[in-house]
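Undergrad: Please find the sequence and the predicted model below.
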Amino acid sequence: MYAEVWLNTPHYHAWTYLVPQGILVQAGDLVRVPFGKRQSLGLVAKVHEEKNKTNQKLRPLQEVLGPDYRLNPEILQLMTWAQSHYLAPPGEVLKNFLPSVILQGKKNQGERAKVRAPQFELEQKKLKLKPDQAKVINQVLQAQNSFYPLLLWGITGSGKTQVYLELCQKILEKKQSALILVPEISLTPQTLGRFAAFFGEEVLAYHSGLSQAQRLKAYWQVKKGDKKIVVGTRSAITLPLKDLSLIVVDEEHDTSYKQEERFRYHARDLAVMRAKLQNIPIVLGSATPSLETYQNSQKGKYHLALLEERATGSSLPKIKILDLKAHPPESQSFLSAPLKEKLKEVLQKGEQALFFIGRRGFAPFLLCLDCGKSPGCPQCSVSLSLHKKPPSLQCHYCVSTLPIPHNCPHCNSPRLKPMGQGTQKIEEALIKSFPHTKIARLDRDIIRQKTKTEEVLKDFSLGKIQILVGTQMITKGHDFPKLSLVGVLLADLNLNFPDFRAAERCFQTLVQVAGRAGRHDKKGEVLIQTYRPHAPALLATLQNSVKTFYEEELKFRHLAHYPPFKRLVLLRLLGSQENKIKEKAKELFNLLKSFLRQEKDLEILGPAPSPLEKIRGAYRYHLLIKSPSYELLQRKLLPKIENLEKILPSSIKLQVDVDPLNLL
């Protein structure tokens, strides 16, 4: 008998081992095997009787870990599908599904690890369900024990979380478990707080902030059934929950569900496949669904449920677009006159305001007024961003940090000027304009301070902070009772991104951030500053014409042969020598052409330098493959991936990204 074993190696195949007589082994078992001169832990993907077709002498398995370590068939099926779908080495999949402590061969269940509960107090008011909410809940419950993908398309504040809570309550009554995926757990303590208030000790939080020991403990708690409700970020989709009966993907459109390093999976898509394999319902919730999910609901692939009223009975906020050509922003506060006047009015009434800008730091770059150049990152082909807290120049891609220069590094001129604005500059300007107002900031720099995020959100929710300035993270998952004004300081930042999804993402961000205003008894107003007041994404936000925007965007995607009408695979080469990368990219292109020459429906674009040509010291070239069906891509590409890697020297890495969200 033979076992096909996945090992933690970069190879695209399993390793075959002989099963000695007397050893009982089955698919899903964790085993110790000899690998080279060392012993390694692996996963048995398959057991079979087929004789070894090569003359190579097979080595025997050494040990089978106990049945407690065995993965259930559904998890093993999910891993096998993920490896094939994302064209990933089995070892990378293994590292994402098993805690590192287990992969290291340590028999430890993390009993001593302590997990700090989210410190976010929130008054729990169990609202009476509206008829449309009750209808959704019944719809899902009637579909128990069957694969039932449902797009829950609800406007901001429509009570989607209340639906999730009620569904989880029904699941718990049956002593079954539920998995709730949220984009970023550190940014949504309110979600955790609400679930913990309803279900207490049954709730487990799972996210990247946990230590390895805490992750290990969480793994065993859900595997044994000690925890029934998991609220987690994308990696929680890999947890082996016992008696899983429901999956929820909240804010399903959010790009943070896509992992951008190594095993490049999309947690939403993995969740849909897991629900299919386990024959359970899955709810995809959003006020602004991704175009792919919207299209699936229109084609009947997903069921559709609408929540078109706010749960509290409040109305959607009034939205106004401010043309910055007609209302130039003040140099001191960066607010146009109408927005500044509205802010004064809101503050006088004791209400709150939120300002969104899509850049952190003080300024995007320093400009030399003599030579026109900017200090750049030595590791990346980008300018360094100016930060004042702490004072430094920072690269937002490789995290390089340099002191702020007194003179231009190119011409030695002392005339360096900060250009543009980020959250720190907006915060500083507002403090100068409103010195007696409590103002706070929330961005990636703040959340690195572990308890600061919860403190800021708690104080803003309780009304102790009057103005909150932030980036993308303040646009989703928050419910602030006294917030009546939202200001978008420069909507053009999202629109000018070199990506075919730029308009969709801009629209989603605007709708989401607008939805923070007026969710309770305060009437909400949203003022959007822009130099492009007639951009379709802005007009759709203004007119609340969501479906019209989606249909127009689909027409563009169809004409340009982009998703959801085509599937994409991005092949990216990385290395320290630009000329070698360029040469190998051309070689890779020619090899692909020869592999796929009979497939007329496949289109290969490139090779070309990536828009960000150099990141972390590595030059980057890419090719983009378009296909009308993923099955065609998978059938043709998966068997060839290792052949493609063989033409590359060890100094050049090949990244394979299926359904890429980041083309930069």
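TA: The structure has been received and is ready for your questions.
Undergrad: what about the helices in the stretch 451-600 of the chain?
TA: In the stretch 451-600 of the chain, the helices defined using DSSP state H, counting those that start in this stretch lie at 452-461, 492-495, 502-514, 536-543, 546-560, 578-595.
Undergrad: And stretch 567-584, what's buried?
TA: 567-575, 580-582, 584 (16 or more other CB atoms under 10 Å). C-betas here are computed from N, CA, C, even on glycine.
Undergrad: coming back round to it: in CSV, list the helices of the stretch 451-600 of the chain along with distance to residue 331 and mean pLDDT.
TA: Below are the helices of the stretch 451-600 of the chain laid out as CSV (distance: least, CB to CB, whole Å; pLDDT from 0 to 100):
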stretch, distance to residue 331, mean pLDDT
helix 452-461, 27, 87
helix 492-495, 18, 84
helix 502-514, 24, 93
helix 536-543, 24, 93
helix 546-560, 34, 94
helix 578-595, 41, 90
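Undergrad: quick one: which of those helices is nearest residue 225?
TA: Residue 225 lies closest to helix 452-461 among the helices of the stretch 451-600 of the chain, at 29.3 Å (CB to CB).
Undergrad: which other helices and strands contact the closest one?
TA: If contacts are counted by 3 or more CB pairs under 8 Å, 6 or more residues apart in numbering; DSSP states H and E, helix 452-461 sits against helix 189-199, strand 439-442, helix 444-447.
Undergrad: Tell me if I'm right that residue 287 and residue 152 touch.
TA: No: look at residue 287 against residue 152 with CB atoms under 8 Å: they stay out of range, at 9.8 Å.
Undergrad: neighbour count winner among those two?
TA: Neighbours per residue (other CB atoms under 10 Å) separate residue 287 from residue 152, with residue 152 holding more: 27 against 22.
Undergrad: on that earlier part again, any chance of the helices and strands packed on helix 452-461 in JSON lines with distance to residue 134 as columns?
TA: Shown next, in JSON lines, are the helices and strands packed on helix 452-461 (distance: least, CB to CB, whole Å):
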{"stretch": "helix 189-199", "distance to residue 134": "17"}
{"stretch": "strand 439-442", "distance to residue 134": "35"}
{"stretch": "helix 444-447", "distance to residue 134": "36"}
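Undergrad: any chance of these in CSV, plus mean neighbour count?
TA: Listed next are the helices and strands packed on helix 452-461 as CSV, based on neighbours: other CB atoms under 10 Å:
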stretch, mean neighbour count
helix 189-199, 21
strand 439-442, 22
helix 444-447, 17
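Undergrad: Reformat those as TSV; add distance to residue 162 and mean pLDDT.
TA: Output for these, formatted as TSV (distance: least, CB to CB, whole Å; pLDDT from 0 to 100):
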stretch	distance to residue 162	mean pLDDT
helix 189-199	9	81
strand 439-442	25	94
helix 444-447	27	85
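Undergrad: Please identify the most buried of the helices of the stretch 451-600 of the chain.
TA: helix 502-514 (a mean of 23; mean count of other CB atoms under 10 Å).
Undergrad: Identify the residues contacting that one?
TA: 156, 253, 255, 287-288, 290-291, 317, 319, 354, 356, 358, 472, 474-476, 486, 488, 491, 494-497, 499, 524, 526, 528, 535-538, 540-541, 546, 549, 553 (CB atoms under 8 Å, 6 or more residues apart in numbering).
Undergrad: relative orientation of it and helix 546-560 in degrees?
TA: Interaxial angle, helix 502-514 versus helix 546-560 (axes from the mean of the first three to the mean of the last three CA atoms, to 10 degrees): 160 degrees.
Undergrad: Helix 502-514 vs helix 536-543, what angle?
TA: Using the same axes, to 10 degrees: helix 502-514 against helix 536-543 is 30 degrees.
Undergrad: Select, out of the helices and strands packed on helix 452-461, the one closest to residue 37.
TA: For residue 37, the closest of the helices and strands packed on helix 452-461 is helix 444-447, at 43.3 Å, according to CB to CB.
Undergrad: Identify the residues contacting the closest one?
TA: The contact list for helix 444-447 (CB under 8 Å, 6+ apart) reads 186-187, 360-361, 387, 389, 452-453, 456, 471, 473.
Undergrad: And stretch 623-640, by the same measure?
TA: Outside stretch 623-640, the residues that touch it by CB under 8 Å, 6+ apart are 84-85, 87, 561, 565-571, 585, 588-589, 592, 595-596, 599, 601-608, 658, 663.
Undergrad: and with 6 Å instead?
TA: 87, 561, 566-567, 569-571, 589, 595-596, 601-607 (CB atoms under 6 Å, 6 or more residues apart in numbering).
Undergrad: do stretch 277-294 as well
TA: Stretch 277-294 has contacts (CB under 6 Å, 6+ apart) with 74, 77-78, 140, 143, 146-153, 155-156, 160, 244-253, 272, 275, 504, 508, 511, 550, 564.
Undergrad: Filter the residues you listed down to the buried ones.
TA: Buried by 16+ other CB under 10 Å: 74, 77-78, 140, 143, 148-153, 155-156, 160, 244-253, 272, 275, 504, 508, 511, 550, 564, out of the contacts of stretch 277-294.
Undergrad: Return the subset of the residues you listed lying in strands.
TA: Among these, the residues falling in strands (DSSP state E) are 148-153, 244-250.
Undergrad: mind putting those in a markdown table, distance to residue 263 and pLDDT included?
TA: Below are these laid out as a markdown table (distance: CB to CB, whole Å; pLDDT from 0 to 100):
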| residue | distance to residue 263 | pLDDT |
| --- | --- | --- |
| 148 | 28 | 97 |
| 149 | 23 | 98 |
| 150 | 27 | 98 |
| 151 | 26 | 98 |
| 152 | 28 | 97 |
| 153 | 30 | 96 |
| 244 | 21 | 97 |
| 245 | 27 | 97 |
| 246 | 25 | 98 |
| 247 | 20 | 98 |
| 248 | 23 | 98 |
| 249 | 19 | 97 |
| 250 | 23 | 95 |
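Undergrad: Looking at those residues, which two lie furthest apart in space?
TA: The distance between the two most remote of those (CB to CB) is 24.2 Å, for 153 and 244.
Undergrad: Low-confidence regions, the stretch 1-150 of the chain specifically.
TA: The model of the stretch 1-150 of the chain has pLDDT under 70 over residues 51-55, 107-127.
Undergrad: so what's residue 573 bridging to?
TA: residue 621, residue 654 (DSSP bridges).
Undergrad: Just to check, it is in contact with residue 621?
TA: Yes: if you go by CB atoms under 6 Å, residue 573 and residue 621 touch, sitting 4.9 Å apart.
Undergrad: which residues are in contact with both of these two?
TA: Taking CB under 6 Å, 6+ apart as the contact rule, residue 573 and residue 621 both touch 581, 585.
Undergrad: out of the buried residues of stretch 567-584, who's nearest residue 70?
TA: residue 569 (33.3 Å).
Undergrad: Can you give me every residue that contacts residue 210?
TA: Neighbouring residues of residue 210 by CB under 6 Å, 6+ apart: there are none.
Undergrad: pLDDT score for it?
TA: With respect to pLDDT, residue 210 scores 86.
Undergrad: Quick check: chain neighbours aside, which residue is closest to the residue nearest to the spatial centre of the chain?
TA: Centroid-nearest residue in the chain: residue 256, 1.0 Å away (criterion: CA atoms, centre = their mean). Nearest in space to residue 256, with sequence neighbours left out and distances taken as CB to CB, 6 or more residues apart in numbering, is residue 183 at 4.6 Å.
Undergrad: Verify the stated contact: the one you found with residue 255.
TA: No: with contacts counted by CB under 6 Å, residue 183 stays clear of residue 255, the gap being 8.5 Å.
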